[in-house]
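In: Have a look; sequence and predicted model below, questions after that.
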Amino acid sequence: MRPVLLVPGIGDSGPDHWQSIWQEQHPGVRRVTQRDWNHPVCDEWVEALDQAIRQAAVPPILVAHSLGCLAVAHWATRSSSPCFAMLLVAVPDPAGPSFPKAAIGFHAAIPAPACRRIAMVSSDDDAYATPQYTAQRAAAWGAEHTQLRGRGHLNAESGLGDWTEGWAIVDRWRQE
């Protein structure tokens, strides 16, 4: 079964976050760990991600949330290591007013990641990105885009629980 690498955002994903639930519920799902979850440095996060991908036996599915999405995008422009697919959830706008000031190096222009399968999921009321930004990013990256209504930042506070709709995307890719 194809491995799944979870790439959380700033602060990591707590126990009620859908990423943590997926890690507990599904075999072959593991989290990319970072040296410092609260003071993210893009180059460090990209290096940790690259190491995790190189350790995978086959190209993995990357499932990123929030700032983790930007780390994945930066990784994809720098690395020659392959990934099978990317699920990018709640991509934040690095130029937006709510973007974390503690995040260093994530503001650079982000070209399209080199990956055959890219899906993005956003919410129309996410405090970290406008629907316009998210739609532009999805188009620029050639991503299949799903916009949910009234779910905020698509985190534990969004009430997604184990988020079966998101897992269905990943599971479909795992079966390919």
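Out: Received the coordinates, thanks.
In: which stretches of this structure have low pLDDT?
Out: Where the chain drops to pLDDT under 70, the residues are 108-109, 111-113.
In: Give me the distance between the closest residue in space to residue 41 that isn't next to it in sequence and residue 137.
Out: Leaving out its chain neighbours, the residue that sits closest to residue 41 by CB to CB, 6 or more residues apart in numbering is residue 104, at 4.8 Å. To be clear about C-beta, it is placed using only N, CA and C from the backbone, and glycine gets the same treatment. Distance of residue 104 to residue 137, given as CB to CB, to the nearest Å: 21 Å.
In: swap in residue 61?
Out: Distance of residue 61 to residue 137, given as CB to CB: 20 Å.
In: ok but residue 122 is inside a strand, no?
Out: Yes - under DSSP: H, G, I helix; E, B strand; the rest coil, residue 122 falls within a strand.
In: right, and it touches residue 87 too?
Out: No - applying CB atoms under 8 Å as the test, residue 122 and residue 87 come out as separate, 11.9 Å apart.
In: State the distance from residue 39 to residue 151.
Out: Residue 39 is 27 Å from residue 151, where distance means CB to CB.
In: cool, and residue 141?
Out: Going from residue 141 to residue 151 by CB to CB gives 21 Å.
In: thinking again about what came up before, of residue 39 and residue 151, which one has the most company?
Out: residue 151 (20 against 13; other CB atoms under 10 Å).
In: which residues touch the more buried one?
Out: Counting by CB atoms under 8 Å, 6 or more residues apart in numbering, residue 151 touches 123, 125, 126, 158, 159, 160.
In: Filter the residues you listed down to the buried ones.
Out: With burial judged by 16 or more other CB atoms under 10 Å, the buried subset of the contacts of residue 151 is 123, 126, 158, 160.
In: What I need now is those residues written out in a markdown table, including distance to residue 98 for each item.
Out: Putting those into a markdown table (distance: CB to CB, whole Å) gives the following:
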| residue | distance to residue 98 |
| --- | --- |
| 123 | 14 |
| 126 | 9 |
| 158 | 16 |
| 160 | 20 |
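In: is the residue nearest the centre of the chain in a bridge, and if so with what?
Out: Nearest to the geometric centre of the chain sits residue 64, at 1.5 Å (CA atoms, centre = their mean). Beta bridges link residue 64 to residue 7, residue 88 when assigned by DSSP bridges.
In: And residue 31, by the same measure?
Out: The partner list for residue 31 in beta bridges (DSSP bridges) reads residue 6.
In: I am assuming it contacts residue 24, so please confirm or correct that.
Out: No - using CB under 8 Å as the test, residue 31 is too far from residue 24 to be in contact (10.8 Å).
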